[in-house]
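how would this look folded up:
(2 chains)
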Number of protein chains: 2
Amino acid sequence: MTETAPAELLVCVKCRRGLEMPQDARRPGAALYQGLQACDLPEGLTLTPVECLQNCDAGCTVALRGAGRWTYVYGNLHETSDLDVLVDGAARYHATADGLIPWRERPEHFRKNCVARIPPLETEHV
Amino acid sequence: MTETAPAELLVCVKCRRGLEMPQDARRPGAALYQGLQACDLPEGLTLTPVECLQNCDAGCTVALRGAGRWTYVYGNLHETSDLDVLVDGAARYHATADGLIPWRERPEHFRKNCVARIPPLETEHV
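Numbering: from 1, shown residues only, chains lettered A, B, ... in the order given. Model prediction:
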């Protein structure tokens, strides 16, 4: 079996998902992070809480990235009902060498809610 | 004078900026890239054309990034009228060590049209 390079799943834990809530209330972003902590993520995929990915109008938001990989930012995630699709998509991302999940294998939520992608630092462009 | 670390300005050259146009027409994204080539960018800021940053609904789109820096993705840029603000903002980004332009110094277009940001690979989060 080929060794898969490490990757990282960043979760914005400050995200309010557009909801009005008291300053000290538990945020949907924090709930998403905690939900993911309880999930079965592939070995080599690190789950990282971050303060803000500045996609506040379309949260919850995550980013998938890793050295040598395209970075993808996905939005409009729900902290409970989208856990399965996110774990599936993150595992598919982790299984690639360059972060490019073939379109047909990409979860529908990823197809429809990609906020942006950024090429790896290391490659030639265009 | 302190040496400023290199940074990169990625421009999506395939962007149609939401316009209907023939497949082989010159794209607004390509015009933006060519416009920037003619501008006075700081030494150490590399201009890089990329195929698609997948922010197609709110183009033209660019990303600013560099090793050890936060990556920022900005949208809703016009290929001619936003050249000045983009050059100014890119220079301010390049002048920082970590990619974080202080809010008060951030061009208004950047404040209002940040699509997403991603922390540097190298730092601790939260």
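
just the helices in chain A please.
Remark: helices assigned in chain A by DSSP state H are A:28-37, A:83-95, A:108-112.

chain B contacts on chain A?
A:10, A:13, A:48-55, A:61, A:63, A:65, A:67, A:71-73, A:114-119, A:121, A:125-126 (Cβ under 8 Å from any Cβ of the partner chain). C-beta here means a position set from N, CA and C on the backbone, and glycine is covered the same way.

among these, which are in strands?
Using DSSP state E, the subset of those located in strands is A:10, A:48-50, A:63, A:65, A:71-73, A:114-118.

can you put the helices of chain A in CSV and add mean neighbour count and mean pLDDT?
Below are the helices of chain A laid out as CSV (neighbours: other Cβ atoms under 10 Å in any protein chain shown; pLDDT from 0 to 100):
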stretch, mean neighbour count, mean pLDDT
helix A:28-37, 20, 96
helix A:83-95, 19, 97
helix A:108-112, 15, 95
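
does A:Asp107 touch A:Gly89 like I think?
Just so we're on the same page, residue A:107 is Pro rather than Asp. Yes - with contact defined as Cβ atoms under 8 Å, A:Pro107 reaches A:Gly89; the gap is 4.5 Å.

contacting residues for A:Ala91?
A:Leu41, A:Pro42, A:Leu45 (Cβ atoms under 8 Å, 6 or more residues apart in numbering or on different chains).

typo on my end, it should be A:Leu36
Per Cβ under 8 Å, 6+ apart, neighbours of A:Leu36: A:Leu9, A:Val11, A:Leu47, A:Leu83, A:Leu86, A:Val87.
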